[in-house]
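Asks: could you look at this predicted model? Sequence included:
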Amino acid sequence: MGYITAVRIVAIQVSDQDRALDFYQHKLGFEKLMDAPLPETGGRWLVVGLPGGGASIALLAPSEDAAVGVDTGIRLGTGDAAEAHRALADQGVETSELISWPGVPPMFTIQDQDGNRLYLVQE
């Protein structure tokens, strides 16, 4: 055991990589970490991440074997869920209600330009 040391990149399918890059950079504050052509897929290897590191997200061109507009299961952290909810909604990002259950940190969901669902959870 001990061969796996970290979670580095999670991937989601997007219908338009340029539109997705714009959303993740300008609405969510991610930085472009890598942008390399992938002629085999007709797209590129496009990776975004947060300043300061941690796991990153690959924004993949659509493929026949993966859907666009899914519940990604990706949980993003925030210091203040209520403030993040207000700020993202003010930018026109589609958000769910802010929920807070006893014993569970406040959280809400957002959807990117393709309807891919991500979660913001207060740390």
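Replies: Received, thanks.

Asks: so which residues of this protein form strands?
Replies: 9-13, 31-38, 43-49, 56-60, 71-78, 94-95, 107-111, 117-122 (DSSP state E).

Asks: which of the ones you listed sits most buried?
Replies: For the strands of the chain, average neighbour numbers computed from mean count of other CB atoms under 10 Å are highest in strand 56-60, which has a mean of 22. C-beta here means a position set from N, CA and C on the backbone, and glycine is covered the same way.

Asks: partners of it in the sheet?
Replies: Paired with strand 56-60 in the same sheet, following DSSP bridges, are strand 9-13 (parallel), strand 43-49 (antiparallel).

Asks: show the contacting residues for Gln17.
Replies: Gly43, Arg44, Leu46, Leu59, Leu60, Ala61 (CB atoms under 8 Å, 6 or more residues apart in numbering).

Asks: just the pLDDT at it, thanks.
Replies: What the model reports for Gln17 is a pLDDT of 96.

Asks: skipping adjacent residues, who's closest to it in space?
Replies: Leu46 (5.2 Å; CB to CB, 6 or more residues apart in numbering).

Asks: alright, calling it a day.
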